[in-house]
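Enquirer: Build me a model from this:
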Amino acid sequence: MPLVTTESIVLQTFAYGDTSKILRLLTRTHGVRSAIAKGALRPKSRYGGILEPFSVGTAMLYLKDGRDLQTLGGFELIRSSQALGRDLLRFGAASLLSEVVLRSASEEPDPDLYDHFRSSLERIEAAPAEDVEATALAATWSLIGKLGFAPSFDVCIGCDRGLAPDESARFDYVAGGVRCEECAGGAGRVLPPHAREALIRFCGGEAPKLERTAAHWALLSRFLAHHLLDGGTLRSLAFLSEAVDTTSCAS
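Expert: Below you'll find the predicted structure:
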């Protein structure tokens, strides 16, 4: 089996037996991979607790074609995940990005996706407390775009007409885009101009100031349910919703 060395981000971990861990990794050169870290749970493991979600490091993987579970040969830490883990809202946002990648990405190499994901984690970690939600929304919508299924919020999907900045539209969750009032015929969620502008900026990776975020989370959740989950839900969205409520009550 060839030994491949590649920068990687830990997306998910779970115990395997009493001493080992299964990792789900986003690698820069080999897409999403599963690997077993043998002995990682032993008290004197050489990994020393660094194999945690969102840790960035150089992974050494023994890759074998046709095998779903690879073997981890080593992991040299580049960036710790501790700052994300100490904050419920930041942890929830990072978990949402990870779950979207796990549901959508493949083993095909995609360095742009990797770089975007890593920079998004760093932005969420560095954002001021009052901007974490907007940063998380921007990171998720722009990630959706990187994965190839972002909706259009500035052109009507019915008549292909560009919408004016001061024009309301209606969002068609199933079709994955907005319709002008004439094409919508009263169906779909109304998006006033300021909401459309915020969504356009989110898709571009910007994080505008928001007074209210609940409607944006609801819209994102419904969009993902239709286009990623076949009507299901993401566990990270439920966790993030609780974290948002906890943060709101504390402030």
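Enquirer: Check which helix or strand Phe91 maps to.
Expert: Using DSSP states H and E, Phe91 falls within helix 88-104.
Enquirer: What's the mean pLDDT across that helix?
Expert: Over the span of helix 88-104, the pLDDT mean works out to 94.
Enquirer: Would you mind listing the buried residues in that helix?
Expert: Across helix 88-104, burial judged by 16 or more other CB atoms under 10 Å covers 88-101, 104. For glycine as for every other residue, the C-beta is placed from the backbone atoms N, C-alpha and C.
Enquirer: Give the other helices and strands that it contacts.
Expert: With contacts defined as 3 or more CB pairs under 8 Å, 6 or more residues apart in numbering; DSSP states H and E, helix 88-104 has these neighbours: strand 3-16, helix 82-85, helix 111-126, helix 132-146, helix 235-250.
Enquirer: can you pull the contacts of the residue positioned nearest the centre of the chain?
Expert: When the chain is reduced to its mean C-alpha position, the nearest residue by CA atoms, centre = their mean turns out to be Leu97, at 1.4 Å. Going by CB atoms under 8 Å, 6 or more residues apart in numbering, Leu97 touches Phe117, Ser120, Leu121, Ile124, Ala139, Thr140, Leu143.
Enquirer: try 10 Å
Expert: With contacts taken as CB atoms under 10 Å, 6 or more residues apart in numbering, Leu97 has the following neighbours: 9, 11, 26, 54, 116-117, 120-121, 124, 136, 139-140, 143, 236.
Enquirer: again, but for Leu72
Expert: The contact partners of Leu72, taken as CB under 10 Å, 6+ apart, are 8, 20-23, 25, 33-38, 40, 47, 51, 59-62.
Enquirer: next one: Leu77
Expert: Each residue near Leu77 by CB under 10 Å, 6+ apart is listed here: Tyr47, Gly48, Ile50, Leu51, Glu52, Ser55, Val56, Gly57, Thr58.
Enquirer: Burial check on His227, number of neighbours?
Expert: Each residue near His227 was counted by other CB atoms under 10 Å, and the total is 17.
Enquirer: Test my guess that it contacts Tyr173.
Expert: Yes. With contacts counted by CB atoms under 10 Å, His227 reaches Tyr173, the gap being 8.3 Å.
Enquirer: Kind regards, and thank you for your time.
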